[in-house]
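Undergrad: pasting the sequence and the predicted model now:
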Amino acid sequence: MSTRQITALVNPISGRGDSQRVWDPLEERLRAAGVDVATVVTTSVHHVGEAAFEAACAGRVVVAVGGDGMVRDVGGGVVRGDGVMAVVPGGRGNDFARGFGITEDPATLLEMLLHGPVRPIDVLDADGVVVLGNVYVGVDSRATRLINRMRRFPAVVAYRASGPLAMLTWRAPTFTLTTDGGTRTVRAHSVIAANSGRYGRGLDIVPSARVDDGLIDLLVASTDGLGRRHMAAYMVEAGTGAHVRRDAVDVVRTRSVTIAADGPVPVGIDGDEIGTLPITVRVRAGALRMVVPV
C-alpha cells in the first residue's frame, strides 16, 4: 500500500474536458488502494498556484491533471512550497509528460502515482515565472498565439495549421542575446531557451536539452541559409530533432540568457503567451521534485 497523500488539481478545460475524464477513474483506483486523495477543480491560474503551494506545504504530492500550461502553473506553486509533484496528462500537447515517458495509460499512471520514484529536476525562471519546459520567441511564439485562438478545433488540426499560418506574415527580427559567454546579435526565426526541449505536440525541438543538468540549452535558428521557403521542411525535421544538423541552427549552453529584439515579439512558455520581449531566463537547478514512472 502506498503511504502517499495526493492532492490532484484538475483543469476542467484542458483538452476540451479530457483531464476530468482521465482523472475520475484514477481517483477511484487510488482510493481503492487506500490512498488519501483530494481533488480540486481549478478556477484560475491564481487558484492553481495557491492550491499547489498549500498542498505542497502540507506534504502532499500535488498532481497536475491537464496540459503543459497546467503543469507549469502547478509546478510554480510546488516549487514555492518546496514540495513534490506528479503529472497526469490531459491536455492537447502534453509535451512535458511525453518527455518523461508518461502516457495516458491508466495502469501505468496508477503504478507511477502509487510507487514512482521522486526525481529532482531543473526549472527555468522567466522574469519570475517558473517554467518547466521551454521559453521560446519568434515564429514559434507566433504559432502559440494562433493555437490558443483555435481551441474549438481538434488539437491535431490546430497544431498542424499554426506553423504555416504563422509564417504567412512573419518577418524575422534581429535578436540580441546575452548569455554566460557574452552578447551577440542575430537575425533569426526562432530562439528557444530549453529545459525539456520538447513542444508543439511532439516536436523534439532541442534534443540536447536535459531537465537535470543545471543548464539552459539555447537554440538559435538564424535566417542565414534558412529562408521562409525552407521552414516547412525544417518543421518536419524538428519532429525527430534532425533540424539541428542545419548550418543555420546552433545550440549553446548557459545558466542564464537575456533576449531582446528590434521589434515586438511575443514570448511563449509551455503553450502560453506571457507578454513580449525583452526577457531574462535563468535556470534553477534541481528546484522541483517530481514523481516519475517506475
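TA: Thanks, I have it.

Undergrad: show me where the stretch 151-294 of the chain has strands.
TA: 174-179, 182-194, 216-222, 249-254, 256-261, 266-269, 272-276, 279-291 (DSSP state E, counting those that start in this stretch).

Undergrad: what's the closest of those strands to residue 33?
TA: Nearest to residue 33, of all the strands of the stretch 151-294 of the chain, is strand 279-291, at 15.1 Å by CB to CB. Placement of C-beta: from N, CA and C, glycine included.

Undergrad: quick one on the thing from earlier: the strands of the stretch 151-294 of the chain: which one's closest to residue 46?
TA: Relative to residue 46, the nearest member of the strands of the stretch 151-294 of the chain by CB to CB is strand 272-276, separated by 14.4 Å.

Undergrad: which other helices and strands does the closest one contact?
TA: Here strand 272-276 touches helix 139-148, strand 266-269, going by 3 or more CB pairs under 8 Å, 6 or more residues apart in numbering; DSSP states H and E.

Undergrad: mean pLDDT for those: which is lowest?
TA: Mean pLDDT per stretch puts helix 139-148 lowest among the helices and strands packed on strand 272-276, at a mean of 68.

Undergrad: for the stretch 1-150 of the chain, give me the ranges with low pLDDT.
TA: Scanning the stretch 1-150 of the chain for pLDDT under 70 picks out 1-2, 14-17, 143-150.

Undergrad: quick one: the helices in it?
TA: For the stretch 1-150 of the chain, applying DSSP state H, counting those that start in this stretch gives helices covering 18-32, 45-57, 68-80, 95-99, 106-115, 139-148.

Undergrad: redo the strands of the stretch 151-294 of the chain as JSON lines? Include distance to residue 25.
TA: As requested, the strands of the stretch 151-294 of the chain are exported to JSON lines (distance: least, CB to CB, whole Å):
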{"stretch": "strand 174-179", "distance to residue 25": "46"}
{"stretch": "strand 182-194", "distance to residue 25": "34"}
{"stretch": "strand 216-222", "distance to residue 25": "37"}
{"stretch": "strand 249-254", "distance to residue 25": "41"}
{"stretch": "strand 256-261", "distance to residue 25": "42"}
{"stretch": "strand 266-269", "distance to residue 25": "31"}
{"stretch": "strand 272-276", "distance to residue 25": "28"}
{"stretch": "strand 279-291", "distance to residue 25": "19"}
